[in-house]
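> Quick one, structure for this:
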Amino acid sequence: PIWEKIREPFFKQYCRTGSGHPSGYTYGWVANDSQNLYVKLDFTPDNTRDGDKDYAQVYIKNGDELKSFTVSESRNQWGKPQFIDTLLAPYPHKVYNFAIPLREIDKSKSLNESTLMLAFAAYGTATPAPWDTVAAGLNNTFAVLSDGTIWGCGWNGTGDLGDGNTANSDILVQEINQDTDWLDVARGGHTVALKSDGNLWAWGWNFHGQLGNNTDSNSSTPVLVSNPSDMGTNTWTAVAAGYYHTVALRSDGTIWAWGRNDYGQLGQDPTSIFENWTPVQEATLAENWVAVAAGDYHTVALKSDGSIWSWGRNNVGQLGNNSTTDSYIPVREATLSTWHQISAAINVTAALKADDTIWAWGENGFNQLGNDTGINSSIPVQEATLSMDWAIVDTGGNHTVALREGGTLWSWGHGGSGQLGQGAFSHSATPVQEATGSEDWLEISAGGWHTAAIKADGTLWAWGLNDVGQIGDGTTSNRNTPTRIERDVDGDGFFDH
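Below you'll find the model as predicted:
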């Protein structure tokens, strides 16, 4: 009854879990009467029941005295937990209700003369997500399992799946070495993956040296990327695969690239270097890069101050500097904004601003910029809904996919192969939600003409073009709604559930 009078939460805090729990907000309300201090915590990310491993705490500072009060399944002196649906999260999750006697806060009974300071904490445990990360390439889907193994499906004509042969696969197959220390994978026109020791390995198409092993021979098995001579104790921390080149971030904050350089996408003068088969550092030698992304012929990077810089081809404005002139030297996007996350594909760049809005620039023939104009832009333009609750954005062949903070998934642009997931084979100039309306999406990746994503329960899903089996559902039929991907663990050509 007391909460009916206090509808607005005292606080809310967004939590991105990266585990078996969905990301979401924790909400809190505070009230009191003459006897008790009441606290209600709606912990929307905690969608499992794990006994006393799940609990909430209220910290109260009264003058110089700090006290804490805990509520869990068995510790119910100060309240009790519930496992219920609420208007804020329509699935069973933890809600904690505290009723703390005022006399417990201040034995001297002078509480009304005091100013209280409050802090709140909620804890939950979950089984680690079976799938940790996903990468959708031009015509493949790759994912890293929580046990550190890499699996892929789709096109394999140049050894792209890393399984030792060149036969396409419409179900997930494991890379040939069956290693268990992979951390991340990137897929463009070839495949590059990061191991826990900080080394990079690559496989697939290598016509321009994009595998980085100082050859131009394709490889159907992982090959070690050559390290720069000054590598020392540095390690690779992130990698992005374009169609013809690879770009990677080193632990010292420097960016290196290899492969084709005809437009300066390696950050080197294309009149001097057409391609490079081993890593070369971008022209400015900066040491404050924190993220990288790669399109077909351009590279995008984020600095520690939140600024976005790009280099390479700029024929449709994909560098975002209000120009269509190519540049091998990094140029800053025109608005000079502060950004949190970047993505790039073909001739498009999309990014998430510090205020959780999505902006994009470059090619817009299928409204992949999401601003409902169909006109290319050489400066950042905001997606049409002007929403301020986006969490992730990723741009693909001719479509863009984004995740809202509430766990819903939206797409726009080319949808002719079903890659928007909205239950139709049609385009959309503005964001449309995928057909299931799920609120538990955790990771997303936009491929050439398909989309892949991971849910909070760790399951892997894909939809869109499936001509070479990139959806991984055992068929080559296109899908316009999310379709779950399973594994062939024993290699017999059938799913193992």
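
> Show me what the longest strand belonging to the chain packs onto, helices and strands only.
Looking across the chain with DSSP state E, the single longest strand is strand 89-101. If contacts are counted by 3 or more CB pairs under 8 Å, 6 or more residues apart in numbering; DSSP states H and E, strand 89-101 sits against strand 36-43, strand 55-62, strand 65-72, strand 79-86. All C-beta spots, glycine's among them, are computed from the backbone N, C-alpha and C.

> Secondary structure element holding L266?
Using DSSP states H and E, no element contains L266; it sits outside every helix and strand.

> Thought A257 was touching it, still the case?
Yes: counting by CB atoms under 8 Å, L266 touches A257, with 4.1 Å between them.

> on that earlier part again, in terms of secondary structure, what does the helix or strand following the longest strand of the chain contact?
As assigned by DSSP H and E, the chain's next helix or strand after strand 89-101 is helix 102-105. Other elements packing on helix 102-105 under the criterion 3+ CB pairs under 8 Å, 6+ apart are strand 36-43, strand 65-72.

> All the strands of the stretch 151-300 of the chain, residue numbers only.
Here the stretch 151-300 of the chain has its strands, by DSSP state E, counting those that start in this stretch, at 169-174, 182-187, 190-195, 200-204, 219-224, 236-241, 245-250, 255-260, 275-281, 289-294, 298-303.

> Quick one: closest of the ones you listed to A351.
Proximity to A351 (CB to CB) singles out strand 298-303 among these, at 7.9 Å.

> Now do the closest one against strand 289-294, angle only.
If you take axes from the mean of the first three to the mean of the last three CA atoms, to 10 degrees, strand 298-303 sits at 160 degrees to strand 289-294.

> okay, the strands of the stretch 151-300 of the chain in a markdown table with distance to Y25 next?
What follows is those, written out as a markdown table (distance: least, CB to CB, whole Å):
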| stretch | distance to Y25 |
| --- | --- |
| strand 169-174 | 33 |
| strand 182-187 | 27 |
| strand 190-195 | 31 |
| strand 200-204 | 37 |
| strand 219-224 | 41 |
| strand 236-241 | 28 |
| strand 245-250 | 31 |
| strand 255-260 | 35 |
| strand 275-281 | 41 |
| strand 289-294 | 25 |
| strand 298-303 | 26 |
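
> Out of those strands, which is closest to D394?
strand 289-294 (9.1 Å).

> Could you list every helix and strand that that closest one packs against?
For strand 289-294, the contact count by 3+ CB pairs under 8 Å, 6+ apart identifies strand 236-241, strand 245-250, strand 298-303, strand 339-345 as packing neighbours.

> from the chain's centre, how far out does that strand sit?
Between the centre of strand 289-294 and the centre of its chain there are 13 Å (CA atoms, centre = their mean, to the nearest Å).

> contact partners of that strand?
Strand 289-294 is contacted by residues 188, 238-242, 245-249, 253-255, 265, 299-304, 341-344, 349 when judged by CB atoms under 8 Å, 6 or more residues apart in numbering.

> Give me the mean pLDDT for stretch 232-241.
For stretch 232-241, mean pLDDT rounds to 95.

> How far off centre is that stretch?
Counting by CA atoms, centre = their mean, stretch 232-241 is centred 18 Å from the centre of its parent chain.

> measure it end to end?
End-to-end distance of stretch 232-241 (CA to CA, to the nearest Å): 24 Å.

> That stretch: which residues count as buried?
For stretch 232-241, the neighbour count (16 or more other CB atoms under 10 Å) marks T235, W236, T237, A238, V239, A240, A241 as buried.

> and the gap between the residue nearest to the last one when sequence neighbours are not counted and A293?
For A241, the nearest residue in space outside its immediate sequence neighbours is G188; the separation is 3.4 Å by CB to CB, 6 or more residues apart in numbering. G188 sits at a distance of 10 Å from A293 (criterion: CB to CB, to the nearest Å).

> got it, and T215?
26 Å.

> between the two, who's got more neighbours?
Shown here are T215 and A293; by other CB atoms under 10 Å, A293 has more neighbours (27 against 14).

> Would you agree N227 is in contact with S251?
No: if you go by CB under 8 Å, N227 and S251 don't touch, sitting 11.9 Å apart.

> Comparing the two, which residue is more hemmed in?
Neighbour count, other CB under 10 Å: between N227 and S251, N227 has more, with 19 against 14.

> Now do the phi/psi pair for the more buried one.
Dihedral pair for N227: phi -90, psi 140, per degrees, to the nearest 10.

> dump the residue contacts of it.
Contact analysis of N227 by CB under 8 Å, 6+ apart lists N199, P279.

> What distance do you get for it to H190?
Per CB to CB, N227 is found 18 Å from H190.

> Same check on H414?
23 Å.

> Which one's more surrounded, those two?
H190 (31 against 22).

> can I assume I308 is in contact with T299?
No: counting by CB under 8 Å, I308 stays clear of T299, with 11.3 Å between them.

> what pLDDT does D490 get?
Predicted confidence (pLDDT) for D490: 59.

> please begin residue numbering at 50 from this point
Okay, using 50 as the starting number, the last item reads as D539.
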